[in-house]
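In: all I have is the shape, not the residue letters:
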């Protein structure tokens, strides 16, 4: 079964930029943002399981009926292409292990692979990722962390020293033109995976404490192993009239999702970065985050912080935003200003500098 190869017009015309890079994708926000910026500065070949709307060459693995066979085909394509490029950028360590020429490799670790904090169904991947990361670090492969918090976790928990910390950017589709005004009724948004690591119960407990104190509703958007448990918890605590639980929205609908809310809440106290927090800030939403982890690092003084895992502390900050129009509008303005400090252009420049060092 052939592997689909896409060629850009520039490639067809024989355009040969200085650096040739093979890369694997990550989430859509990251893939579009980073490789969209890099496309004009280097020759990118994306080795992927699906096609992205990007002006780069793409090798897309075909769909096959056998479990994990498609990933195996992707790995074979990456191995084959790696011999004809200057740099291979893998977005997880397990993918990096596939590359024969480790001296060409750069790996971005989008977190810290700790099998003890994930559900049983995902543990096998974290075990594999952890072993792969330790091996690559031992071989001297440059490891990029996505926040200082993540770099610290890698160093203290695994003994891995990151070669660089490179922040994500935010796509222009999320950027608001003006701060929000204080609404008559609030809609609190939580948008993440429904897993224990993300601590969604903290928000439900805070909502329960706020009952009768303000006019608001809360929306939990996401999917995952805790979905049934969260749904039952909402019903048992009599929160069905206040809290709604729904499926994740497609990437193209995310800007509308943020626009429909008035406050964004993040509850994970060990978040590696917090891309959703950054996008919510860019859209002008006041954000409330735990006083720890990558989300706190990203939001900085633009967020109202609460004590990690403390639903009473979270409820106090939410109530302050809902009751104080001046505070609400000030925090909306701060969100936009803080998000303006993050860009995919800057991230691309930092990655390009790292690629050039590896390619020497």
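Out: Arrived safely. On a predicted model such as this, the values are computed, not experimentally measured, just so you know.
In: hey, let's count contacts and neighbours off CA atoms from now on
Out: Noted.
In: show me the contacts for the most centrally placed residue in the chain.
Out: Residue closest to the mean C-alpha point of the chain, counted by Cα atoms, centre = their mean, is residue 275 at 4.4 Å. Shown in contact with residue 275 (Cα atoms under 8 Å, 6 or more residues apart in numbering): 168, 170.
In: that one and residue 266, how far apart?
Out: For residue 275, the distance to residue 266 equals 11 Å [Cα to Cα, to the nearest Å].
In: secondary structure element for residue 76?
Out: helix 69-82 (DSSP states H and E).
In: distance from that helix to the middle of the chain?
Out: 24 Å (Cα atoms, centre = their mean, to the nearest Å).
In: break the protein down into its structural domains.
Out: Here the domain assignment for the chain is 4-169+343-359, 172-339, based on automatic domain parsing.
In: possible to save the ones you listed as CSV with mean pLDDT?
Out: As requested, the domains of the chain are arranged in CSV below (pLDDT from 0 to 100):
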stretch, mean pLDDT
domain 4-169+343-359, 92
domain 172-339, 97
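In: list phi and psi for residue 56.
Out: Backbone torsions for residue 56, taken as degrees, to the nearest 10, come to phi -130, psi 160.
In: ok, now the one 4 residues further on?
Out: Dihedral angles phi and psi of residue 60 (degrees, to the nearest 10) take the values phi -110, psi 120.
In: so residue 217 sits against residue 190, correct?
Out: No. Between residue 217 and residue 190 there is no contact under Cα atoms under 8 Å: 11.3 Å.
In: which parts of the single longest helix found in the chain are buried?
Out: Assignment by DSSP state H gives helix 120-138 as the longest helix of the chain. Using 16 or more other Cα atoms under 10 Å as the test for burial, helix 120-138 gives 123, 126, 129-130, 132-133, 136-137.
In: of those residues, which is the nearest to residue 18?
Out: Residue 18 lies nearest to residue 136 out of the buried residues of helix 120-138, by Cα to Cα, at 26.3 Å.
In: distance of that closest one relative to residue 224?
Out: Distance from residue 136 to residue 224, by Cα to Cα: 30 Å.
In: and for residue 211?
Out: 27 Å.
In: next one: residue 130
Out: 22 Å.
In: ok, now residue 116?
Out: Counting by Cα to Cα, the separation of residue 116 from residue 224 is 17 Å.
In: those two - which one has more neighbours?
Out: residue 224 (13 against 10; other Cα atoms under 10 Å).
In: so the more buried one sits right up against residue 194, yeah?
Out: Yes. With contact taken as Cα under 8 Å, residue 224 and residue 194 are classed as touching, separated by 4.5 Å.
In: which residue ranges of the stretch 151-300 of the chain form helices?
Out: For the stretch 151-300 of the chain, the helices defined by DSSP state H, counting those that start in this stretch cover 200-210, 227-236, 254-260, 275-282, 293-299.
In: who wins for proximity to residue 324 among those helices?
Out: Each of these has some distance to residue 324 by Cα to Cα; the shortest is helix 200-210, at 15.3 Å.
In: can you mark which positions in that closest one are buried?
Out: 200-208, 210.
In: next one: stretch 311-328
Out: Applying 16+ other Cα under 10 Å to stretch 311-328 flags 311-312, 314-315, 317-318, 321-322, 328 as buried.
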